[in-house]
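A.B. asks: sequence unknown, structure follows:
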């Protein structure tokens, strides 16, 4: 779709992908393990996907949640799929800490404080290896 | 869990439930089809649930999405699971319209306009019947 950002660009640094979906890392210094899982085809809503495709996508989302918990040790995980600006199915997987910039609001809420910079440092390569290990050959 | 709101209260008007999860309707005049799907047991993250339980929960979330699309004809569906305030797994299913109070921001963002009141009127009973029809006896 020529006018869709997620059809035209990866949307972040790709750390894993299959024919159906990709995982990108979002470059946000406040949320170092912030990833998105993006369906490759231009589909608007989760319920526009076939049930089996939804399951595949959610399996990837939960694999990323699991890896982000392990590597970044957040206090909480936030998951969201909005698409109000870019109506192309994509999931946000966001590690949250009680001393982060917006806690306990969602990251789209009001800035509450400067936010700590004291987080685990994990390279894109390490993140990519961890996700591939978690998803194995099943996707 | 005595200190958890979602262990102590339904969290809205219950329109469907099983032994594992419940669907509640949120009383928000700006978002008339806003529902939450709440896991009955006190579990913190999706990846603290067994994979089969995650699938069950997401099947209910997508059934609610499907019903809300049909009954309320929103421009977009927003899905989110945060739990920063109440770390007990629950999903928000929010119908969005381009002329609603926060569009295109998430509903936790800045108020953009008063918001239209011109939405479908659907009773709790109608919503309950539609969700039960969609989920059948499978959950």
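C.D. replies: Happy to help now that I have it. Only a predicted model underlies this, so the values are computations on that prediction, with no experimental measurement involved.

A.B. asks: in the helix ranked longest in chain A, what counts as buried?
C.D. replies: Across chain A, the longest stretch assigned as helix under DSSP state H is helix A:51-72. Judged by neighbour count (16 or more other Cβ atoms under 10 Å in any protein chain shown), helix A:51-72 contains these buried residues: A:53-69, A:71-72. Placement of C-beta: from N, CA and C, glycine included.

A.B. asks: and chain B, which of these reach it?
C.D. replies: A:54-55, A:58, A:62, A:65-66, A:69 (Cβ under 8 Å from any Cβ of the partner chain).

A.B. asks: one step back: how about the helix or strand just after the longest helix of chain A and chain B, touching?
C.D. replies: Remark: after helix A:51-72, the chain's next helix or strand is strand A:76-81, criterion DSSP states H and E. Yes - residues of strand A:76-81 are located near chain B by Cβ under 8 Å from any Cβ, namely A:76-81.

A.B. asks: ditto for stretch A:37-47
C.D. replies: Yes - residues of stretch A:37-47 contacting chain B under Cβ under 8 Å from any Cβ: A:44-47.

A.B. asks: out of those residues, which are buried?
C.D. replies: A:45-47.

A.B. asks: which two in the ones next to chain B among the buried residues of helix A:51-72 are spaced the farthest apart?
C.D. replies: A:54 and A:69 (22.3 Å; Cβ to Cβ).

A.B. asks: which positions in chain A make contact with chain B?
C.D. replies: Residues of chain A lying near chain B (Cβ under 8 Å from any Cβ): A:44-47, A:51, A:54-55, A:58, A:62, A:65-66, A:69, A:76-85, A:87, A:96, A:103-106, A:108-109.

A.B. asks: quick one, what contacts the nearest residue to residue A:101 once chain neighbours are set aside?
C.D. replies: Spatial nearest neighbour of residue A:101, excluding adjacent residues (Cβ to Cβ, 6 or more residues apart in numbering or on different chains): residue A:115 at 3.5 Å. Going by Cβ atoms under 8 Å, 6 or more residues apart in numbering or on different chains, residue A:115 touches A:30, A:99-102.

A.B. asks: mind running it again at 10 Å?
C.D. replies: Going by Cβ atoms under 10 Å, 6 or more residues apart in numbering or on different chains, residue A:115 touches A:29-31, A:97, A:99-103.

A.B. asks: how about the contacts made by residue A:100?
C.D. replies: Neighbours of residue A:100 in contact, by Cβ under 10 Å, 6+ apart: A:30-31, A:74-76, A:94, A:107, A:112-116, A:119, B:84.

A.B. asks: show me what residue A:36 bridges to in the sheet.
C.D. replies: residue A:24, residue A:92 (DSSP bridges).

A.B. asks: for it, give me its contacts.
C.D. replies: Here residue A:36 is in contact with A:6, A:10-12, A:22-26, A:61, A:64, A:81, A:90-94 (criterion: Cβ under 10 Å, 6+ apart).

A.B. asks: would you mind listing which of the residues you listed are buried?
C.D. replies: For the contacts of residue A:36, buried by 16+ other Cβ under 10 Å: A:6, A:11-12, A:22-26, A:61, A:64, A:81, A:90-94.

A.B. asks: with respect to residue A:40, which of those residues is nearest?
C.D. replies: residue A:22 (6.4 Å).

A.B. asks: quick check: that closest one touching residue A:41?
C.D. replies: No - with contact defined as Cβ atoms under 10 Å, residue A:22 does not count as touching residue A:41 (11.3 Å).
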